[in-house]
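**Student:** Mind looking at a prediction? Sequence and model below.
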Amino acid sequence: MTDTTLAPLTPDEVAALFTRADGQYLFARWGRPIVPVVFGVEDATVSVLKGAIEAVVALAGHKMAETDPELGANLMVFFLRDWSELTATPNLDRLLPDLAQTVARLEGADANQYRAFRFDETGAIKAAFVFVRMDAAMSAAPAETIALSQVVQTILLWSDTAFLGQSPLAVLREGGPAILKPQIGDLIRAAYDPVMPAHATDPSHALRLAARLPRLQ
């Protein structure tokens, strides 16, 4: 994706954002209202994160709710200092069945974030679990930037390579908070168009998304 212009995404660029490393096209959006809960931070940061969730959900034209009838909360966000904290968290292995292997993989990669999704019978997202390790890079970033980045990367099932080497956000001034790139915002809106499916595996879906993006005059 081009970061230096406001040019709309091309169909190939849209397809790349949902094409996984193994070559599979896989798209999903939330199929139910989002009910967030945040762990491991102070109330002020919780407010920042929930504000970001509300803003991105509104951008998508989706909904939030007070509770999920099946899960209670369906978007769980955990902030931690070390990945080993996950294995010490009671019952977390029920949410992440391969918890020990996942922690080992994250430690080996020196990762500072991880997202896991659950899907309903139609393939739509029904739950997401977001883990943010506050390493030096994360600790140096504004809370607003961390919050917006995580929410944007959770509102859709992006490719596992979608934002490697690039960010869905842009920083307008050094040291300032980031904003969502307009092209990504437009794509999120298109993805939640009611006539579009909540789940897709056919690459032609990217063409339909691209056709719904605004064009420069």
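**Tutor:** Received, thanks.

**Student:** any idea which helix or strand comes after the helix or strand hosting Thr102?
**Tutor:** Assigned by DSSP states H and E, Thr102 belongs to helix 99-109. Beyond helix 99-109 in the direction of the C-terminus, DSSP H and E gives the next helix or strand as strand 113-119.

**Student:** which residues touch the next helix or strand after that next one?
**Tutor:** Sequence order places strand 125-133 as the next helix or strand after strand 113-119, per DSSP H and E. Identification of contacts with strand 125-133 by CB atoms under 8 Å, 6 or more residues apart in numbering yields 28-32, 70-71, 74-83, 86, 95-96, 106, 111-120, 138, 146, 150, 154, 157, 198. C-beta: built from backbone N, CA, C; applies to glycine.

**Student:** what stretches of the protein score poorly on pLDDT?
**Tutor:** Judged against pLDDT under 70, the low-scoring parts of the chain cover residues 1-6, 175-176, 216-217.

**Student:** what are the ranges of the helices in the chain?
**Tutor:** 11-17, 43-60, 84-87, 92-95, 99-109, 136-140, 143-155, 182-191, 204-211 (DSSP state H).

**Student:** Mind listing what's buried along the second one?
**Tutor:** By 16 or more other CB atoms under 10 Å, the buried positions in helix 43-60 come out as Thr45, Val46, Val48, Leu49, Lys50, Ala52, Ile53, Val56, Val57, Leu59, Ala60.

**Student:** Please save the CA atoms from it in PDB.
**Tutor:** The C-alpha coordinates for helix 43-60 follow below in PDB (Å, rounded to 0.1, in the frame of the first residue of the first chain):
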ATOM      1  CA  ASP A  43      -8.600   3.000  34.300                       C
ATOM      2  CA  ALA A  44      -7.400   5.900  32.200                       C
ATOM      3  CA  THR A  45      -5.900   3.500  29.600                       C
ATOM      4  CA  VAL A  46      -9.000   1.400  29.700                       C
ATOM      5  CA  SER A  47     -11.000   4.600  28.700                       C
ATOM      6  CA  VAL A  48      -8.500   5.300  25.900                       C
ATOM      7  CA  LEU A  49      -8.900   1.800  24.500                       C
ATOM      8  CA  LYS A  50     -12.600   1.700  24.700                       C
ATOM      9  CA  GLY A  51     -12.700   5.100  23.100                       C
ATOM     10  CA  ALA A  52     -10.700   3.700  20.200                       C
ATOM     11  CA  ILE A  53     -13.000   0.700  19.900                       C
ATOM     12  CA  GLU A  54     -16.100   2.900  19.800                       C
ATOM     13  CA  ALA A  55     -14.500   5.100  17.100                       C
ATOM     14  CA  VAL A  56     -13.600   2.200  14.900                       C
ATOM     15  CA  VAL A  57     -16.900   0.400  15.400                       C
ATOM     16  CA  ALA A  58     -18.700   3.600  14.400                       C
ATOM     17  CA  LEU A  59     -16.500   4.000  11.400                       C
ATOM     18  CA  ALA A  60     -17.400   0.400  10.300                       C
END
